[in-house]
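In: Sequence and predicted model, in that order:
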Amino acid sequence: MKIALGSDHASFELKEYIKVELGKMGYAVNDLGADSEKSVDYPDYAIKVAKEVRAKKSDYGILFCGSGLGMSIAANKVKGIRAALCNDLYLADMARRHNNANILVMGGRVVGKGLALEILKKFLNTTFEGGRHQDRLDKITKIEENQI
Ligand code: RB5
């Protein structure tokens, strides 16, 4: 399984940590930046990861910014993207089981490394339940299709 990563400066350190942990767990990682703690704009990295996931070049994306808010707002502008801001384990569980989220977003100024790793594992190891939840996602797809 391949995972695309993106962060801004605020969560560069957390991205680097998660990259190493994903490697240890045997995942292929495509790090799309940022490359340092120099100040950058989070939408530039949100779009890179979202496009990668939309094109199915990666199975999932993981985005990090200070709060997680900016990355989730930006990534969700891309059709087919369901980016879920999960700063706790319950949300990571729900994001996969009910929302079939394809991008996990975390805030490096909100969660520490230990919790971030647990959230990541929960997200990657939880399966979408389908059924009525798929019907609801289909309605979201229709909203996307009707955008002007
Ligand atoms: C950067 O200071 C911060 O605004 C950004 O990382 C993110 O939290 C935005 O939502």
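Out: Yep, that arrived. Residues are numbered from 1 along each chain as shown.

In: Would you map the strands across the chain?
Out: Along the chain, counting by DSSP state E, strands occupy 2-7, 28-31, 60-65, 83-85, 103-107.

In: To the ligand, which of the ones you listed lies closest?
Out: With distances scored as C-beta to the nearest ligand atom, the stretch of the strands of the chain nearest to the ligand is strand 60-65 (3.4 Å). C-beta: built from backbone N, CA, C; applies to glycine.

In: What mean pLDDT does that closest one get?
Out: Model confidence over strand 60-65, given as mean pLDDT, is 98.

In: which outside residues touch that strand?
Out: 1, 3-8, 10-11, 14-15, 18, 42, 45-46, 49-50, 52-53, 71-72, 75, 83, 102-108, 120, 123-124 (C-beta atoms under 8 Å, 6 or more residues apart in numbering).

In: before we move on, what about stretch 113-132?
Out: Residues contacting stretch 113-132 (C-beta under 8 Å, 6+ apart): 1, 14, 17-18, 21-22, 27, 60, 62, 86-89, 91-93, 95-98, 100-101, 104, 106, 108, 111, 134.

In: Would you mind naming what in the chain lies close to the ligand?
Out: 8, 10, 42, 65-67, 69-70 (C-beta under 6 Å from any ligand atom).
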